[in-house]
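> Okay, here's the prediction I keep looking at, along with the sequence it came from:
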2 protein chains.
Amino acid sequence: MEHQTETNHDSERLASDIEHIHKLASHLLPHYAQIQDDNTLAEPHANANLQMLIGILHELHPADVATVLESLPPKERVLVWKLAIPEEDGDVLLEVSDAVRESLIEAMNKEELVAAVEDMDTDDLAELADALPENVVHEVLKDLDEEERAQVQAVMSYEDNQVGAVMDFEIVSIRADVTCEVVLRYLRRFESLPDHTDKIFVVDDNDILQGVLPIRRLLVADMDELVENVMSTDVVKFRPEEDVEEAAAAFERYDLVTAPVVDENRKLIARLTVDEMMDVIREETEADMLNMAGLKDEEDLFAPVWDSVKNRWMWLAVNLMTAFVASRVIGAFSDSISQIVALAALMPIVAGIGGNSGNQTITMIVRAMANAQISTQQAMRLLKKEIGVALVNGLIWGSVMGLVSFWLYKNIGIGLVMVAAMTLNLLLAAVLGVMIPVTMEKLGKDPALGSSVLITAVTDSGGFLIFLSLATMFLL
Amino acid sequence: MEHQTETNHDSERLASDIEHIHKLASHLLPHYAQIQDDNTLAEPHANANLQMLIGILHELHPADVATVLESLPPKERVLVWKLAIPEEDGDVLLEVSDAVRESLIEAMNKEELVAAVEDMDTDDLAELADALPENVVHEVLKDLDEEERAQVQAVMSYEDNQVGAVMDFEIVSIRADVTCEVVLRYLRRFESLPDHTDKIFVVDDNDILQGVLPIRRLLVADMDELVENVMSTDVVKFRPEEDVEEAAAAFERYDLVTAPVVDENRKLIARLTVDEMMDVIREETEADMLNMAGLKDEEDLFAPVWDSVKNRWMWLAVNLMTAFVASRVIGAFSDSISQIVALAALMPIVAGIGGNSGNQTITMIVRAMANAQISTQQAMRLLKKEIGVALVNGLIWGSVMGLVSFWLYKNIGIGLVMVAAMTLNLLLAAVLGVMIPVTMEKLGKDPALGSSVLITAVTDSGGFLIFLSLATMFLL
């Protein structure tokens, strides 16, 4: 299904539209059951609101409708969804987040779903297929021709993080031995060219990719020139099993708009477009951010409480276990604490600065890894630098807190133990802040995953252990 | 300066090239001073390495050279930079991060810098101008014509977060009253069309924007048709003072490749391209992530220790102050702790789970705000939901830890205080996890800024206060 690429843009207008929709939707909620099949209400005032809501919705781009739906609580969301233009339902479903998509599909019956998706491009259909009820997918696949069905199945056969899952089949290809004039005449036979077409793919008789002919080069070329003399043979191309984040990085690096996807024999099978790659980049960095904080998935903001609990319980459980360990570390020093109660008050400072500094280090390393700036071989060098930073910070801030502690408790020993413990815990934070993501990467895991929870665990238990051991050794 | 948009892409090859460059650079470092003006070395083995390094560098795309430079420690970086193709120096400078750019510019003399930037497009020159020595900028501006100088100054007059700072002036425009054939003939007069040209801008005699003519529509249009009948008048357009993050979001939503920038009278002044917008999206989400962790800026991974200390000190200082407050809270209860030492061991569990859960909430809200999914009006509703989640988690995990504490200390009172304190601290985390970003937004501040540090501060002090107060009230 093709999007209209031109639309009035006015971010303030969109924001005020959203606010307006929110108000209308909550006014209309009590009347929801009375809305008739022709989208009218008997009660005049409510009907005026209803017609206004429908009017606004019909002026919005499907992507904006998606934003509106994501921002609405469940009941209002269903109300607005029922009033949106049915012809655009498919486009909206493609734009919303997975969690919201689920709630929208639940609100539709089989006929509505089939109508929404049956005219979709095969790649879009494949994207939605997992979320759709089986009988809907079956019904829609039945009406496709063999080639289209094969395309849907091809896209569905790849993992979400592979190029194959986001490729599309709207490719325009030509032979190398024709003139530019022939190409222009050939293009004119299309009713419309696919979205984002910035280059024509040049293939031989067996569909093997020979090069690409950028449109902007075609437009200025001599009409009698052969394609093979104008085309570029130095092509950035992708394989369907490649990592989609790497493809997105290549789009960014080489400023691409579209790129061919080829199989192991260089046979052209599909293409990638920059709009999908932009989504990949945003999702990738967002996922890193959520993962660091210990959130499993992007959450529907208005998900039922129980869904949110499930999305978050795992890292909370990990956190509780690590907190329990920290608690046992303190428990082991209860004699020392009962002799010097000040230790109980000072120990969270040592743990806290370690956690804060460790989070700074680990965030930086995780980002650099995502941008492929560091290999594990360089870990040693980074480690040295982070240790340097920790040492400087430890001596500066340790001395500050050492003086404060001395002033509070009039005990020079406590002050000195603070300086030493803070410096050591910052060193621990630096070492683990580098080692945790590097190890995760070596084990083939996502370095962002729960990294913030893990580093805090280490600096808490480690901070208590260091501080209380030093205190026990030197102050008792 | 125009990038070559086609290049061999092979992410594994790039990774192995980078590794190879690292090895060669560290081998060559001792010979750095002996490298002669013609880039050769007297010693044959070292010279072989040098020529190999130059060979690899000359095959890399400027964007890949930038990645290589970012991944190298300072001395090796300068060595490799000196060996890169001088003609591509300008492109590389545009691609590297701000921090690394500074280190590269420092390694160049005035003549090299002028040579690198004098042929740049005006928008690129404006991007670099702030980082260049004043005499270089002066020298280069002198050689520009008046229009170009005005363009550089226009771009430089906007803030980094405004559309004007990333716009470029490579616009192709036509009148509405000519035929498509005339347009095609006009385009053929260009030596080459600007990068990313996917549409021609349609203007009147006063350069007022009338619409856009997408190339893919031009290519299939009837040659005798007038532009005004083919063009689209429903145009997504931007103003130079608009927020660049909103422009990037619009590019994403409406799947744009280029878009016109107009002044208050709709006069066409420049354009935006999708490659710049991709960079904005990545930088925006990355900046949020770094800010949450309390890092001021993106750091050069191999920055001198002292630069890193400066980049991180502020949030560490904030953290120390909040930790000091938490410490004083505990200090106020030293009597209670000296009577029941178990309290000292259990209190970090209460604080820890609050911090973890608060970070989950605040991360989700900050993301949703960046994606414009929530207005402050909805804060109340989100608050209710987060409170629900906190209540469920508090009762479940509070009970688990209550039982564990009871089992550890054989004291039912301690168990019950744990349940109550954990539930209350989770509620506090939920309330502040929503309120902190909402308040930041209301105050016109970035909601991501140090949010993780702030929420942890609240849940630490709050957790200690809640737990120790309850214990003092019910256990003593």
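Received, thanks.
> And what about the residue most central in space within chain A, helix, strand or coil?
Centroid-nearest residue in chain A: A:E283, 1.7 Å away (criterion: C-alpha atoms, centre = their mean). Per DSSP: H, G, I helix; E, B strand; the rest coil, the local secondary structure of A:E283 is helix.
> measure it to B:Q210 for me?
37 Å (C-beta to C-beta, to the nearest Å). The way it works is simple: take the backbone N, C-alpha and C, and place the C-beta from them, glycine included.
> and if you look at A:F333?
Distance from A:F333 to B:Q210, by C-beta to C-beta: 78 Å.
> chain center to stretch A:398-407, what's the gap?
43 Å (C-alpha atoms, centre = their mean, to the nearest Å).
> does any part of it sit near chain B?
Yes - Stretch A:398-407 reaches chain B (C-beta under 8 Å from any C-beta of the partner chain) through A:400-401, A:404.
> Over to stretch A:148-166?
No - Stretch A:148-166 does not reach chain B (C-beta under 8 Å from any C-beta); its nearest approach is 11.2 Å.
> Need the contact partners of that stretch.
A:122-123, A:125-127, A:129-130, A:141, A:144, A:167, A:169, A:238-245, A:247, A:261, A:269-270, A:272, A:276, A:280 (C-beta atoms under 8 Å, 6 or more residues apart in numbering or on different chains).
> Just the endpoints, please. Distance across that stretch?
16 Å (C-alpha to C-alpha, to the nearest Å).
> for stretch A:36-47, same thing?
10 Å.
> What of stretch A:164-180?
So stretch A:164-180: terminal residues 31 Å apart, C-alpha to C-alpha.
> any idea how far that stretch is from the chain center?
That offset, for stretch A:164-180, works out to 29 Å (C-alpha atoms, centre = their mean).
> Next: stretch A:302-313.
With C-alpha atoms, centre = their mean, you get 19 Å for stretch A:302-313.
> Then stretch A:192-203?
For stretch A:192-203, the distance to the chain centre is 28 Å (C-alpha atoms, centre = their mean).
> For that stretch, buried residues please.
A:193-203 (16 or more other C-beta atoms under 10 Å in any protein chain shown).
> What segments of chain A are strands?
For chain A, the strands defined by DSSP state E cover A:173-174, A:199-203, A:209-214, A:258-262, A:268-273.
> Quick one: closest of those to chain B.
strand A:209-214 (6.9 Å; C-beta to the nearest C-beta).
> Pipe the strands of chain A into JSON lines and attach mean pLDDT and distance to A:N319 per row.
Shown next, in JSON lines, are the strands of chain A (pLDDT from 0 to 100; distance: least, C-beta to C-beta, whole Å):
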{"stretch": "strand A:173-174", "mean pLDDT": "96", "distance to A:N319": "54"}
{"stretch": "strand A:199-203", "mean pLDDT": "96", "distance to A:N319": "50"}
{"stretch": "strand A:209-214", "mean pLDDT": "96", "distance to A:N319": "51"}
{"stretch": "strand A:258-262", "mean pLDDT": "96", "distance to A:N319": "42"}
{"stretch": "strand A:268-273", "mean pLDDT": "96", "distance to A:N319": "39"}
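> list the contacts for the residue nearest to A:E441 when sequence neighbours are not counted?
The shortest distance from A:E441 to any non-neighbouring residue, by C-beta to C-beta, 6 or more residues apart in numbering or on different chains, is to A:P447 (5.0 Å). Contact analysis of A:P447 by C-beta under 8 Å, 6+ apart lists A:365-366, A:369-370, A:436-438, A:440-441.
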